[in-house]
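**Student:** got a predicted model here, sequence first, then my questions.
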Amino acid sequence: RRDTLIDVFDDLARTPGSFLVHDDSFRVRTFAYADVARASRAFAARLDAAAVRKGDKIVVFAENRPEWLVAFWGCLLIGAVVVPIDYRSSPEFLARVARIVDARVVLVGQDVPPLPELSAPVWPLHHLDWDAAGAPPQVALTRDDVAEIIFTSGATAEPKGVVITHRNVLANIVPVEREVQKYRRYAKPFSPIRFLNLLPLSHMFGQAMATFVPPMLGGVVVFMRGYNPGEIVDQIRTRRVSVLVSVPKILDVLREHALRVAPSAADAATGAPGLQGPG
(Lines give C-alpha, C1' and ligand atoms only; values in the text may rest on other atoms or scores of the structure.)
Protein backbone atom coordinates (compact mmCIF):
# COMPACT_ATOMS: atom_id res chain seq x y z
CA ARG A 1 0.00 0.00 0.00
CA ARG A 2 1.43 3.36 -1.02
CA ASP A 3 -0.88 6.22 -0.03
CA THR A 4 1.96 8.50 1.07
CA LEU A 5 5.71 8.26 1.54
CA ILE A 6 5.10 7.35 5.17
CA ASP A 7 4.03 3.91 3.93
CA VAL A 8 7.48 3.60 2.37
CA PHE A 9 9.05 4.61 5.68
CA ASP A 10 7.04 1.98 7.55
CA ASP A 11 8.43 -0.72 5.26
CA LEU A 12 11.94 0.69 5.66
CA ALA A 13 11.57 0.50 9.45
CA ARG A 14 10.76 -3.22 9.22
CA THR A 15 13.70 -4.07 6.96
CA PRO A 16 16.44 -6.11 8.68
CA GLY A 17 20.17 -5.64 8.29
CA SER A 18 22.57 -2.80 7.57
CA PHE A 19 21.41 0.22 5.60
CA LEU A 20 23.92 3.10 5.62
CA VAL A 21 27.74 3.17 5.65
CA HIS A 22 29.52 6.52 6.02
CA ASP A 23 33.26 6.74 5.36
CA ASP A 24 34.39 10.32 5.98
CA SER A 25 38.11 9.45 5.53
CA PHE A 26 38.62 9.44 9.30
CA ARG A 27 36.21 6.78 10.50
CA VAL A 28 33.56 4.44 9.18
CA ARG A 29 30.10 4.33 10.71
CA THR A 30 27.42 1.78 9.88
CA PHE A 31 23.73 2.06 10.67
CA ALA A 32 20.98 -0.52 10.38
CA TYR A 33 17.54 0.14 8.94
CA ALA A 34 16.19 0.00 12.48
CA ASP A 35 18.72 2.66 13.60
CA VAL A 36 17.59 5.03 10.85
CA ALA A 37 13.92 4.48 11.64
CA ARG A 38 14.41 5.08 15.36
CA ALA A 39 16.54 8.18 14.81
CA SER A 40 14.02 9.55 12.28
CA ARG A 41 11.17 9.23 14.74
CA ALA A 42 13.27 10.86 17.46
CA PHE A 43 14.21 13.71 15.11
CA ALA A 44 10.54 14.20 14.21
CA ALA A 45 9.75 14.43 17.93
CA ARG A 46 12.53 17.02 18.30
CA LEU A 47 11.07 19.10 15.48
CA ASP A 48 7.65 18.88 17.10
CA ALA A 49 9.11 20.03 20.43
CA ALA A 50 10.59 23.03 18.59
CA ALA A 51 7.06 23.94 17.42
CA VAL A 52 7.64 22.84 13.82
CA ARG A 53 4.26 22.04 12.32
CA LYS A 54 2.84 20.53 9.15
CA GLY A 55 3.71 22.70 6.16
CA ASP A 56 6.69 24.42 7.81
CA LYS A 57 9.81 24.52 5.64
CA ILE A 58 13.07 22.88 6.77
CA VAL A 59 16.16 23.73 4.72
CA VAL A 60 18.83 21.00 4.50
CA PHE A 61 22.27 22.29 3.50
CA ALA A 62 24.57 19.33 3.99
CA GLU A 63 26.82 16.83 2.28
CA ASN A 64 25.72 13.22 1.83
CA ARG A 65 25.65 11.60 5.24
CA PRO A 66 23.31 9.26 7.16
CA GLU A 67 21.91 12.16 9.18
CA TRP A 68 20.59 13.67 5.94
CA LEU A 69 18.22 10.74 5.50
CA VAL A 70 17.22 10.85 9.16
CA ALA A 71 16.32 14.53 8.80
CA PHE A 72 14.41 13.84 5.58
CA TRP A 73 12.22 11.17 7.12
CA GLY A 74 11.88 13.10 10.37
CA CYS A 75 10.45 16.05 8.47
CA LEU A 76 8.02 13.92 6.47
CA LEU A 77 6.77 12.14 9.58
CA ILE A 78 5.33 15.41 10.93
CA GLY A 79 4.36 16.86 7.57
CA ALA A 80 7.18 19.42 7.41
CA VAL A 81 8.45 20.30 3.93
CA VAL A 82 12.08 19.45 3.08
CA VAL A 83 13.99 22.11 1.13
CA PRO A 84 17.30 20.46 0.12
CA ILE A 85 20.18 22.58 -1.15
CA ASP A 86 23.39 21.26 -2.70
CA TYR A 87 26.10 21.75 -0.09
CA ARG A 88 28.39 23.11 -2.80
CA SER A 89 26.06 26.07 -3.35
CA SER A 90 27.06 29.50 -2.12
CA PRO A 91 26.02 30.73 1.33
CA GLU A 92 24.26 33.61 -0.42
CA PHE A 93 22.10 31.13 -2.33
CA LEU A 94 21.26 29.39 0.94
CA ALA A 95 20.22 32.70 2.50
CA ARG A 96 18.01 33.59 -0.48
CA VAL A 97 16.24 30.24 -0.45
CA ALA A 98 15.78 30.32 3.33
CA ARG A 99 14.20 33.75 2.99
CA ILE A 100 11.93 32.75 0.09
CA VAL A 101 10.47 29.73 1.90
CA ASP A 102 10.49 31.39 5.33
CA ALA A 103 12.54 28.51 6.72
CA ARG A 104 11.60 27.33 10.19
CA VAL A 105 14.95 25.57 10.74
CA VAL A 106 18.16 25.29 8.69
CA LEU A 107 20.03 21.98 8.98
CA VAL A 108 23.72 22.10 8.05
CA GLY A 109 26.51 19.58 7.56
CA GLN A 110 30.22 19.65 8.31
CA ASP A 111 31.46 20.40 4.79
CA VAL A 112 29.53 23.60 4.15
CA PRO A 113 31.14 27.07 3.98
CA PRO A 114 30.65 29.63 6.76
CA LEU A 115 27.03 30.71 6.91
CA PRO A 116 25.65 34.22 6.67
CA GLU A 117 23.33 35.51 9.36
CA LEU A 118 20.00 33.73 9.09
CA SER A 119 16.67 34.46 10.72
CA ALA A 120 15.99 30.74 11.27
CA PRO A 121 17.81 28.66 13.90
CA VAL A 122 20.68 26.54 12.59
CA TRP A 123 21.01 22.89 13.67
CA PRO A 124 24.25 21.01 12.87
CA LEU A 125 23.27 17.63 11.45
CA HIS A 126 26.53 16.01 12.54
CA HIS A 127 25.49 16.61 16.17
CA LEU A 128 22.43 14.39 15.76
CA ASP A 129 22.02 11.99 18.69
CA TRP A 130 21.62 8.49 17.28
CA ASP A 131 20.71 7.13 20.69
CA ALA A 132 17.80 9.52 21.21
CA ALA A 133 14.30 8.12 21.36
CA GLY A 134 10.97 9.75 20.79
CA ALA A 135 7.61 9.33 19.15
CA PRO A 136 6.35 11.97 16.73
CA PRO A 137 2.71 13.06 16.84
CA GLN A 138 0.28 11.53 14.39
CA VAL A 139 -0.20 13.90 11.46
CA ALA A 140 -2.83 13.41 8.77
CA LEU A 141 -1.17 13.32 5.35
CA THR A 142 -2.47 12.83 1.83
CA ARG A 143 -0.82 12.16 -1.52
CA ASP A 144 -1.23 15.79 -2.45
CA ASP A 145 0.59 17.19 0.56
CA VAL A 146 3.94 18.77 -0.26
CA ALA A 147 6.96 16.62 0.57
CA GLU A 148 9.78 18.87 -0.64
CA ILE A 149 10.71 21.89 -2.71
CA ILE A 150 13.70 21.69 -5.05
CA PHE A 151 15.22 25.01 -6.11
CA THR A 152 16.95 26.01 -9.32
CA SER A 153 20.39 27.58 -9.13
CA GLY A 154 19.07 31.10 -9.48
CA ALA A 155 22.19 32.12 -11.41
CA THR A 156 20.40 34.63 -13.66
CA ALA A 157 17.24 35.34 -11.66
CA GLU A 158 15.57 34.79 -8.31
CA PRO A 159 15.66 31.06 -7.44
CA LYS A 160 12.49 29.19 -8.33
CA GLY A 161 11.27 26.26 -6.34
CA VAL A 162 9.70 23.13 -7.81
CA VAL A 163 6.98 21.89 -5.47
CA ILE A 164 7.00 18.09 -5.15
CA THR A 165 4.16 16.22 -3.49
CA HIS A 166 4.02 12.73 -2.04
CA ARG A 167 2.06 11.77 -5.17
CA ASN A 168 4.88 13.04 -7.43
CA VAL A 169 7.52 10.92 -5.70
CA LEU A 170 5.31 7.84 -5.53
CA ALA A 171 4.58 8.15 -9.25
CA ASN A 172 8.30 7.63 -9.84
CA ILE A 173 9.12 4.94 -7.32
CA VAL A 174 6.03 2.70 -7.26
CA PRO A 175 6.47 1.47 -10.88
CA VAL A 176 10.12 0.75 -10.12
CA GLU A 177 9.14 -1.11 -6.98
CA ARG A 178 6.65 -3.27 -8.88
CA GLU A 179 9.32 -4.33 -11.35
CA VAL A 180 11.90 -4.93 -8.61
CA GLN A 181 9.48 -7.23 -6.78
CA LYS A 182 9.24 -9.46 -9.86
CA TYR A 183 12.97 -10.16 -9.87
CA ARG A 184 13.95 -9.71 -6.26
CA ARG A 185 14.41 -13.43 -5.67
CA TYR A 186 17.08 -13.54 -8.38
CA ALA A 187 19.12 -10.96 -6.46
CA LYS A 188 19.32 -13.08 -3.30
CA PRO A 189 22.65 -14.75 -4.20
CA PHE A 190 24.17 -11.29 -4.56
CA SER A 191 22.61 -9.74 -1.48
CA PRO A 192 23.03 -7.34 0.02
CA ILE A 193 23.20 -5.14 -3.09
CA ARG A 194 25.57 -2.29 -2.23
CA PHE A 195 25.17 1.19 -3.70
CA LEU A 196 28.03 3.71 -3.67
CA ASN A 197 26.11 6.97 -3.99
CA LEU A 198 28.17 9.94 -5.22
CA LEU A 199 25.21 12.06 -6.33
CA PRO A 200 23.99 14.82 -4.00
CA LEU A 201 20.96 13.92 -1.94
CA SER A 202 19.66 17.38 -2.82
CA HIS A 203 18.99 16.05 -6.36
CA MET A 204 16.00 13.82 -6.94
CA PHE A 205 17.84 10.93 -8.62
CA GLY A 206 20.61 10.87 -6.03
CA GLN A 207 17.96 11.02 -3.34
CA ALA A 208 15.95 8.17 -4.86
CA MET A 209 19.03 5.97 -5.18
CA ALA A 210 19.77 6.37 -1.48
CA THR A 211 16.36 6.77 0.11
CA PHE A 212 13.82 4.79 -1.90
CA VAL A 213 15.41 2.22 -4.22
CA PRO A 214 17.91 0.41 -1.92
CA PRO A 215 15.24 -0.53 0.67
CA MET A 216 13.32 -2.31 -2.10
CA LEU A 217 16.23 -4.78 -2.20
CA GLY A 218 17.29 -4.63 1.43
CA GLY A 219 20.39 -2.93 0.06
CA VAL A 220 23.26 -1.04 1.64
CA VAL A 221 24.11 2.57 0.72
CA VAL A 222 27.69 3.79 1.03
CA PHE A 223 28.54 7.48 1.37
CA MET A 224 32.13 8.67 1.10
CA ARG A 225 33.88 12.00 1.33
CA GLY A 226 35.36 13.50 -1.83
CA TYR A 227 35.73 12.23 -5.38
CA ASN A 228 39.31 10.98 -5.51
CA PRO A 229 39.29 8.21 -8.15
CA GLY A 230 41.71 6.00 -6.21
CA GLU A 231 39.51 6.19 -3.13
CA ILE A 232 36.40 5.49 -5.18
CA VAL A 233 38.04 2.37 -6.60
CA ASP A 234 39.07 1.30 -3.09
CA GLN A 235 35.48 1.70 -1.88
CA ILE A 236 34.16 -0.33 -4.79
CA ARG A 237 36.68 -3.11 -4.21
CA THR A 238 36.75 -3.33 -0.40
CA ARG A 239 32.99 -2.89 0.11
CA ARG A 240 32.08 -5.06 -2.89
CA VAL A 241 29.94 -2.34 -4.39
CA SER A 242 27.36 -3.50 -6.92
CA VAL A 243 26.01 -0.14 -8.13
CA LEU A 244 27.89 3.14 -8.61
CA VAL A 245 25.54 6.13 -8.62
CA SER A 246 27.33 9.07 -10.24
CA VAL A 247 27.39 11.64 -13.01
CA PRO A 248 29.14 10.78 -16.32
CA LYS A 249 32.08 13.00 -15.39
CA ILE A 250 32.96 10.66 -12.53
CA LEU A 251 33.01 7.74 -14.98
CA ASP A 252 35.42 9.69 -17.20
CA VAL A 253 37.67 10.32 -14.20
CA LEU A 254 37.59 6.63 -13.25
CA ARG A 255 38.45 5.63 -16.82
CA GLU A 256 41.45 7.96 -16.84
CA HIS A 257 42.55 6.55 -13.49
CA ALA A 258 42.24 2.97 -14.78
CA LEU A 259 44.34 3.80 -17.84
CA ARG A 260 47.05 5.37 -15.69
CA VAL A 261 47.16 2.36 -13.40
CA ALA A 262 46.91 -0.23 -16.20
CA PRO A 263 47.83 1.28 -19.60
CA SER A 264 47.35 -2.10 -21.25
CA ALA A 265 43.63 -1.74 -20.57
CA ALA A 266 43.44 0.72 -23.45
CA ASP A 267 44.67 -1.95 -25.85
CA ALA A 268 42.23 -4.48 -24.49
CA ALA A 269 39.37 -2.00 -24.89
CA THR A 270 40.13 -1.39 -28.56
CA GLY A 271 40.80 -5.01 -29.39
CA ALA A 272 44.17 -4.34 -31.02
CA PRO A 273 47.62 -3.60 -29.54
CA GLY A 274 48.50 0.05 -29.72
CA LEU A 275 45.25 1.06 -31.42
CA GLN A 276 43.76 4.25 -30.03
CA GLY A 277 40.51 6.05 -30.68
CA PRO A 278 40.13 9.60 -32.02
CA GLY A 279 42.07 12.22 -30.04
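**Tutor:** Looks like it came in fine.
**Student:** rest of the way, CA atoms for contacts and neighbours
**Tutor:** Fine.
**Student:** and Phe223, its phi and psi?
**Tutor:** Main-chain dihedrals, Phe223, degrees, to the nearest 10: phi -110, psi 140.
**Student:** not counting sequence-adjacent ones, nearest residue to it?
**Tutor:** Once flanking residues are discounted, Phe223 sits nearest to His22: 4.8 Å by Cα to Cα, 6 or more residues apart in numbering.
**Student:** in three-state terms, label the one you found for me.
**Tutor:** Here His22 is strand, with the state taken from DSSP: H, G, I helix; E, B strand; the rest coil.
**Student:** Phe31 versus that one, what's the distance?
**Tutor:** 9 Å (Cα to Cα, to the nearest Å).
**Student:** could I get the average pLDDT for stretch 75-85?
**Tutor:** Averaged over stretch 75-85, pLDDT sits at 98.
**Student:** which residues touch that stretch?
**Tutor:** The contact list for stretch 75-85, computed with Cα atoms under 8 Å, 6 or more residues apart in numbering, reads 5-6, 41, 43-44, 47-48, 52-62, 72, 94, 136-139, 141, 145-151, 201-202.
**Student:** drop anything exposed from these.
**Tutor:** Buried members of the contacts of stretch 75-85, scored by 16 or more other Cα atoms under 10 Å, are 5-6, 41, 43-44, 47-48, 52-62, 72, 94, 136, 141, 145-151, 201-202.
**Student:** give me the subset of the residues you listed lying in helices.
**Tutor:** For the buried ones among the contacts of stretch 75-85, the ones inside helices are Leu5, Ile6, Arg41, Phe43, Ala44, Leu47, Asp48, Phe72, Leu94, with DSSP state H as the criterion.
**Student:** mind listing the helices for this structure?
**Tutor:** Ranges of helices in the chain, per DSSP H, are 5-13, 33-49, 66-77, 91-101, 166-183, 204-211, 213-216, 229-238, 248-261, 264-270.
**Student:** worst mean pLDDT among those helices?
**Tutor:** Minimum mean pLDDT among the helices of the chain: helix 264-270, a mean of 65.
**Student:** centre-most residue in this structure?
**Tutor:** Most central in the chain under Cα atoms, centre = their mean is Leu201, positioned 3.4 Å from the mean C-alpha point.
**Student:** isn't that one right next to Asn64, touching?
**Tutor:** Yes - taking contacts as Cα atoms under 8 Å, Leu201 lies within contact range of Asn64: 6.1 Å.
**Student:** ok, Lys257 - contacts?
**Tutor:** Wrong residue type there; residue 257 is His, not Lys. Here His257 is in contact with Pro229, Gly230 (Cα under 8 Å, 6+ apart).
**Student:** also Gln207?
**Tutor:** Counted by Cα under 8 Å, 6+ apart, Gln207 has contacts Leu199, Pro200, Leu201.
**Student:** now the second one. Nearest residue, chain neighbours left out?
**Tutor:** It refers to Pro200. Using Cα to Cα, 6+ apart, the nearest residue to Pro200 is Gly206, at 5.6 Å.
**Student:** before we move on, the earlier item: deepest of the helices of the chain, which one?
**Tutor:** Ranked by mean neighbour count under mean count of other Cα atoms under 10 Å, those are led by helix 66-77, which reaches a mean of 24.
**Student:** quick check: angle from it to helix 33-49?
**Tutor:** Relative orientation of helix 66-77 versus helix 33-49 (axes from the mean of the first three to the mean of the last three Cα atoms, to 10 degrees): 60 degrees.
**Student:** and helix 66-77, how far from the chain's centre?
**Tutor:** Centre-to-centre, helix 66-77 and its host chain are 10 Å apart (Cα atoms, centre = their mean, to the nearest Å).
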